[in-house]
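**Q** pasting the sequence and the predicted coordinates here, then a few questions.
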Amino acid sequence: MTDAPLITILDDEPEIRRLLAETLEEAGFRTLSFGRATEFEAALRRTAPDVCLVDLSLPDRDGLSLVHRLALEQGASVIIISGRAEVQDRVIGLELGADDYIIKPFDPSEVVARIRARLRAARPAVQAGRIASFSGWQADFDAYTLRNEAGDVASFSHAEGAVLRMFLESPGRLITRQQMQETLGGAAGESFDRAMDVRISRLRTKLGEDPKNPRLIKTIYGAGYIFLGEVDWR
């Protein structure tokens, strides 16, 4: 079981932690559970989880700021599990870098399905490289960095990286919103669409794109997106 994906659970409710841990371990995952953000962050310095389940209502830390830091600094997928059901909360969580948002109360089997979807989305394609070169840029999916010809480096989040890899693996092909949702996982709807808009906008900014006339990630209105650069993987 040492090769099983590691899922960390951060929730201040002991019953929720127990339910999630038992369900996930029965599904073949390894788990680590934490009731406070300080314990969780200390553990992250010693181990690298595959997926982080994070509640927003924590006793010692703002959950949204923690999600944002995880998205920028950790290679794990981040799934929010929260009782906050308002659309604005879901949108903010996804905009800050979370990969998915599950509302309490939840069906444990749904959590398992969402985690498996995130792991599939994060898994590299067969023989796919970890570094892609295109149009004067180099994307490193191990370091989560973009480097231009001048040597300037910008970091991208795990969620942004999933979108970027999707484009780089299908240059010159139309990618519809439905295909994005199927590939990247998450529930379709307004919050997913808004999150994709934000992630694509951030990628364009990091790639130095003109927002009014981007040359690499083109919007085909009413249809989807096309990546126009030539890509070399290694």
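**A** Alright, I've got the coordinates.

**Q** need phi/psi at the residue nearest the centre of the chain.
**A** In the chain, the residue lying closest to the centroid (Cα atoms, centre = their mean) is residue 159, at 2.9 Å. Main-chain dihedrals, residue 159, degrees, to the nearest 10: phi -70, psi -40.

**Q** ok so residue 38 is a helix residue?
**A** Yes. Applying DSSP: H, G, I helix; E, B strand; the rest coil, one finds residue 38 inside a helix.

**Q** right, and it touches residue 61 too?
**A** Yes. Applying Cβ atoms under 8 Å, one finds residue 38 in contact with residue 61, separated by 7.3 Å. For glycine as for every other residue, the C-beta is placed from the backbone atoms N, C-alpha and C.

**Q** kindly state the pLDDT recorded for residue 214?
**A** On the pLDDT scale, residue 214 is placed at 92.

**Q** can you check the one 10 residues further on too?
**A** Looking at residue 224, its pLDDT is 89.

**Q** that one pairs with what?
**A** Residue 224 has these beta-bridge partners by DSSP bridges: residue 176, residue 220.

**Q** surely it meets residue 179?
**A** Yes. In this structure, residue 224 is within contact of residue 179 by Cβ under 8 Å, at 7.2 Å.

**Q** name the residues of the longest helix seen in the chain that are buried.
**A** Determined from DSSP state H, the single longest helix within the chain is helix 190-206. Within helix 190-206, the residues scored as buried using 16 or more other Cβ atoms under 10 Å are 191-192, 194-196, 198-200, 202-204, 206.
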